[in-house]
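Student: Below: sequence and its predicted model.
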Amino acid sequence: MHNLTISIYVLAFLVLLALAFDFMNGFHDAANAIATVVSTGVLKPQTAVAMAAFFNFTAVLVFQLKVATTVGKGTIDPSIIDHYVVFGALMGAIGWNLLTWYYGIPSSSSHALIGGLVGAAVAKAGTGSLIASGLIKTICFIVLSPMLGLLFGSLMMLLVSWLFVRSTPQRIDKWFRRMQLVSASMYSLGHGGNDAQKTMGIIWMLLIASGFTAASDPLPLWVIVSCYIAISLGTLFGGWRIVKTMGQKITKLKPVGGFCAETGGAITLFLATSLGIPVSTTHTITGAIVGVGSSRKMSAVRWGIAGNIVWAWVFTIPASAFVAAIAWWVGKQIL
């Protein structure tokens, strides 16, 4: 018999809440994968969303579960995890996501979740419950992922400019309209691979804490499949408010720029996922779009909009941690 510390109903509720967060992650971050391909007019929004959802799910066949391991076992001390901590973490992340979605701000679902975990853990057991190595790795990549996106995006733009220096603008446009389908698919694959695993980590944490699986057991298959399905469905119902900000407000993109931004972003995501680092797809693509814009000329980037987005990033972890600490206390009263 399992060492049940919580009722099956509370466990089922929390698994569903985690999948709801995963759905929202797809809904919130659908814009990252398709903003460039929609804003350049290569695909209609509905087609782009369907393609992104398909590649979100295909990631199940491509990536190892290193990010799930970092989130599930490498951010807060496993001994303090209980259903109240998981409830607080999820509510903190969902609350911040809803707020930023409503105002059309492309903040990070990933860092909202990390902030939620930190807030709930500190509320329960103080700062000693945090695992410094996992958190430092994640926090470093808050700065590094947009920088890498920017670097790879601008390098791709320079490489393409050099390779196609003798081509006419019409020919370049025609060629990169096709190429953008490949780059958008790769970006969606990276998005599914990194983001769905964060929710797997949370459910894994919950199953270990409630005695349903041992810490040494592999992650159950039903968790893997249900998390990939949830994020794909979220993408399918994507959040159009954020598409506008990402696709048009930061800088005007042509298909060649869209291709370079998506390829730069995809390289960053593949790299982080292979290292087991939960990064923000939002930060990555924003950095890549800015890199593409600034490689033409610095004034091509609307730095005011980019600055507002950076402020949302800075506030994400503390804001979601604060909401999570309150949600942890509420959870203690009602669960």
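Tutor: Thanks, I have it.
Student: what does stretch 47-63 rub up against?
Tutor: The list of residues contacting stretch 47-63 from outside it, by C-beta atoms under 8 Å, 6 or more residues apart in numbering, reads 26, 30, 33-34, 37-38, 43, 181, 184-186, 188-194, 196-197, 224-225, 228-229, 231-233, 235-236, 238, 273-274. Where you see a C-beta, it was placed from the backbone N, CA and C, and this is true even at glycine.
Student: Any idea how far it is from the middle of the chain?
Tutor: For stretch 47-63, the distance from its own C-alpha centre to the chain's C-alpha centre is 14 Å (C-alpha atoms, centre = their mean, to the nearest Å).
Student: Can you flag the buried ones in the contacts of stretch 47-63?
Tutor: Among the contacts of stretch 47-63, the ones that count as buried by 16 or more other C-beta atoms under 10 Å are 26, 30, 33-34, 37-38, 43, 181, 184-186, 188-194, 196-197, 224, 228-229, 231-233, 235-236, 238, 273.
Student: Can you list which of those residues are found in helices?
Tutor: Secondary-structure check on the buried ones among the contacts of stretch 47-63 using DSSP state H: residues within helices are 26, 30, 33-34, 37-38, 181, 184-186, 188-194, 196-197, 224, 228-229, 231-233, 235-236, 273.
Student: hey, C-alpha coordinates of the helix or strand harbouring Val71 in CSV?
Tutor: Val71 is located in helix 66-73, with elements delineated by DSSP states H and E. These are the backbone C-alpha positions of helix 66-73, laid out as CSV (Å, rounded to 0.1, in the frame of the first residue of the first chain):
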residue,chain,number,x,y,z
LYS,A,66,16.7,16.7,-17.9
VAL,A,67,14.6,19.8,-17.4
ALA,A,68,11.9,17.8,-15.5
THR,A,69,14.6,16.5,-13.2
THR,A,70,16.0,20.0,-12.5
VAL,A,71,12.5,21.3,-11.6
GLY,A,72,11.3,18.1,-9.8
LYS,A,73,14.4,17.5,-7.7
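Student: who's in contact with it?
Tutor: 113-114, 117, 134, 137-138, 193-194, 197-198, 200-202, 204-205, 208, 215, 219, 273-278.
Student: I'd like the next helix or strand past that helix.
Tutor: Following the chain from helix 66-73 toward its C-terminal end, the next helix or strand by DSSP H and E is helix 83-102.
Student: how about that following helix: buried residues?
Tutor: With the criterion 16+ other C-beta under 10 Å, helix 83-102 contains buried residues 83-97, 99-101.
Student: what do you get for stretch 120-130?
Tutor: By neighbour count with 16+ other C-beta under 10 Å, stretch 120-130 contains the buried residues Ala120, Ala121, Val122, Ala123, Lys124, Ala125, Ser129, Leu130.
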